[in-house]
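Asker: okay, here's the prediction I keep looking at, along with the sequence it came from:
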Amino acid sequence: MRYQVESIAVPGQKTGAAELREYILDPVSVAPKRLRPAVIVCPGGGYAFCSDREAEPVVMQFLAMGCHCFCLYYSVAPENHFPVSLWEAAKAVAEVRSHSEEWLVDPDQIYICGFSAGGHLACSLGMFWNREFVYEPLGLSAADVKPGGMILGYPVISGGAFAHRGSFENLLRKEGQKITVDEYFRQYVSAPGEAGASCGSGNEAFPQGNTVSGGPAGTAAGSPGCTEEESRGTMVDFVSLEKRASADSPRAFVWHTYEDGSVPVENSLMLAAALRGCGVNVELHIFPKGAHGLSLANEETSAPKSTQLMPAVQEWIPLVHTWIDGWKQTP
C-alpha cells in the first residue's frame with residue numbers, strides 16, 4: 001500500500017489548505033489490472049472539527065474491503081464556512097478521478113462517505129455536483145467532481161424541525177442561515193480576486209453563458225446553478241438536502257439509529273424518501289438502539305465500557321461492503 005498526503009487548496013480557505021490523506025492499495029499479482037472502488041471519507045464534528053473516530057479507523061475498514069481509501073480533513077468553523085468545505089470535497093473527488101488510470105481506480109465507483117456533519121458535506125456534493133457554483137471556481141467540470149455514490153452514517157440532512165442546529169450555524173454563520181441564497185453568495189462567496197459572487201446572476205466568477213448540463217429545471221443562463229426560486233429562499237433551506245434531491249443525485253447507502261438524540265433519524269428518513277421520489281436507488285438501515293456518533297460501534301472507536309460499543313450496529317460495515325460489491329462493473 002502507498003500512503004501519501006496531498007494538500008487541497010480552494011478559494012476562500014482562511015486556515016490554509018485542506019488535507020487529503022491517501023491510502024492506495026497495490027495491485028495483486030493474480031489480477032494486476034483490476035480496478036478498485038475508491039472511498040473518500042469525511043469525518044463528522046459539527047462543521048467545527050474533524051473527528052478522529054470517524055477518520056482512519058473507518059479508512060481501515062474500507063481498505064479491508066479492497067477499496068482504495070482517502071480521508072479528507074476539510075476546513076471548518078469558526079473561520080471557514082459554506083461553500084469552502086464543499087469545494088474541498090469536490091476537488092478531492094476530481095483528484096482521485098484524475099489519477100484513476102495510475103491508481104487503478106474504477107472512475108464510476110468513486111464514493112463520498114460522511115458521518116454526521118461530514119455526512120452533510122458528502123451529501124451536499126451528491127446534490128450539488130452539477131451546479132456551477134461548485135465546479136467553476138475550481139476550474140473543473142461537473143463530470144470531474146461527480147461522486148459515483150454516497151455512503152452516509154447518521155447524516156445531518158435537514159435544516160427544518162429535525163435539524164442539528166449547531167452544524168448549520170457553523171456551516172453558514174449564525175447570521176447567514178436566514179438571509180437569502182442570493183444575498184449569501186453576494187456577501188460571502190467569492191472566487192480568487194473577486195469581491196463576491198451572486199447565486200442569482202452571472203458575474204466574473206461565474207461567467208455568462210456557462211449553464212449547468214443536467215442542472216435543476218429553471219436554471220438561468222449565466223447563473224452559478226441556482227433556480228430563481230432557490231435564490232429567493234433562505235440559505236438554511238437551500239442546504240436542507242432532502243429538498244435538493246434530483247434524478248441526478250447519486251445512489252446512496254444510508255444508516256442511522258432510531259435512538260439518535262442529536263441528529264434525529266428523520267434526517268435519514270426524509271433523505272431516503274426524497275431520493276426514492278426522484279428514482280434514485282437508496283439502501284437504508286435503521287438500527288433500533290444506539291446514540292449519535294457511533295462510527296464503527298466497536299472497541300476501536302469506543303471508550304472503555306461506553307455506550308458507543310454496539311455490536312448490532314457494527315453490521316453496517318459488512319452491509320456496505322455487500323452494497324459496494326453489488327455495483328462493481330469490473331471482475
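Answerer: Sure thing, it's come through.
Asker: low-confidence ranges, the stretch 201-331 of the chain, go.
Answerer: 201-224, 330-331 (pLDDT under 70).
Asker: now the strands: where do they sit in it?
Answerer: 251-257, 282-287 (DSSP state E, counting those that start in this stretch).
Asker: so who does the residue nearest the centre of the chain touch?
Answerer: When C-alpha atoms, centre = their mean is applied to the chain, the residue found nearest the centroid is Ala122 (1.0 Å). Applying C-beta atoms under 8 Å, 6 or more residues apart in numbering, we find Ala122 in contact with Cys42, Ala89, Ile112, Cys113, Gly114, Pro147, Met150, Ile151, Leu152, Pro155. Every C-beta, even on glycine, is put in place using the N, C-alpha and C of the backbone.
Asker: what are the structural domain limits within the chain?
Answerer: 2-178+239-326, 181-233 (automatic domain parsing).
Asker: please work out which of the ones you listed is packed deepest.
Answerer: domain 2-178+239-326 (a mean of 20; mean count of other C-beta atoms under 10 Å).
Asker: end-to-end on that domain?
Answerer: Domain 2-178+239-326 has its terminal residues 26 Å apart, counting by C-alpha to C-alpha, to the nearest Å.
Asker: who does the longest strand seen in the chain pair up with?
Answerer: Counting by DSSP state E, the longest strand found in the chain is strand 105-115. Next to strand 105-115 in the sheet, as set by DSSP bridges, lie strand 36-42 (parallel), strand 149-153 (parallel).
Asker: which is the next helix or strand following the first one?
Answerer: Think strand 36-42. helix 56-64 (DSSP states H and E).
Asker: cool, and the last one?
Answerer: Toward the C-terminal end, the helix or strand that comes next after strand 149-153 (DSSP H and E) is helix 165-172.
Asker: and that following helix, what does it pack onto?
Answerer: Contacts defined by 3 or more C-beta pairs under 8 Å, 6 or more residues apart in numbering; DSSP states H and E place helix 165-172 against helix 117-128, helix 235-238.
Asker: so which of these comes closest to Trp323?
Answerer: Proximity to Trp323 (C-beta to C-beta) singles out helix 117-128 among these, at 15.0 Å.
Asker: I'd like the average pLDDT over whichever helix or strand comes after the closest one.
Answerer: Sequence-wise, the next helix or strand downstream of helix 117-128 (DSSP H and E) is helix 132-135. Mean per-residue pLDDT for helix 132-135: 96.
Asker: helices or strands up against the following helix or strand past helix 132-135?
Answerer: Later in the chain than helix 132-135, the nearest helix or strand by DSSP H and E is helix 142-145. Contacts defined by 3+ C-beta pairs under 8 Å, 6+ apart place helix 142-145 against helix 84-98, helix 132-135.
Asker: contact partners of helix 142-145?
Answerer: 90-91, 93-94, 97-98, 125, 129-130, 134-135, 138, 212-214.
Asker: go on, stretch 299-318?
Answerer: Contacts of stretch 299-318 (C-beta under 8 Å, 6+ apart): 53-54, 57, 61, 153, 255, 257, 285, 287-291, 293-298.
Asker: kindly report the same for stretch 271-284.
Answerer: 123, 152, 155, 157, 241-243, 245-247, 249-255, 268-269, 319, 323.
Asker: alpha carbons of that stretch, in CSV - could you do that?
Answerer: Below are the C-alpha coordinates for stretch 271-284, written out as CSV (Å, rounded to 0.1, in the frame of the first residue of the first chain):
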residue,chain,number,x,y,z
LEU,A,271,-33.5,11.9,2.6
ALA,A,272,-34.3,8.3,1.6
ALA,A,273,-37.9,9.3,0.7
ALA,A,274,-36.7,12.2,-1.4
LEU,A,275,-34.2,10.1,-3.3
ARG,A,276,-36.8,7.4,-3.8
GLY,A,277,-39.2,10.0,-5.1
CYS,A,278,-36.6,11.0,-7.7
GLY,A,279,-36.0,7.4,-8.8
VAL,A,280,-32.5,7.3,-7.2
ASN,A,281,-31.5,3.9,-5.7
VAL,A,282,-31.1,4.0,-2.0
GLU,A,283,-30.4,1.4,0.7
LEU,A,284,-31.4,2.5,4.2
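Asker: run the chain-centre distance for it.
Answerer: 16 Å (C-alpha atoms, centre = their mean, to the nearest Å).
Asker: repeat for stretch 138-151
Answerer: Taking mean C-alpha positions (C-alpha atoms, centre = their mean), stretch 138-151 and its chain are 10 Å apart.
Asker: cool, stretch 84-91 as well?
Answerer: That offset, for stretch 84-91, works out to 9 Å (C-alpha atoms, centre = their mean).
Asker: quick check: the gap between the closest residue to His321 other than its chain neighbours and Ile40.
Answerer: Among residues not flanking His321 along the chain, Met65 sits closest, at 4.7 Å (C-beta to C-beta, 6 or more residues apart in numbering). Using C-beta to C-beta, to the nearest Å, one gets 14 Å for the distance from Met65 to Ile40.
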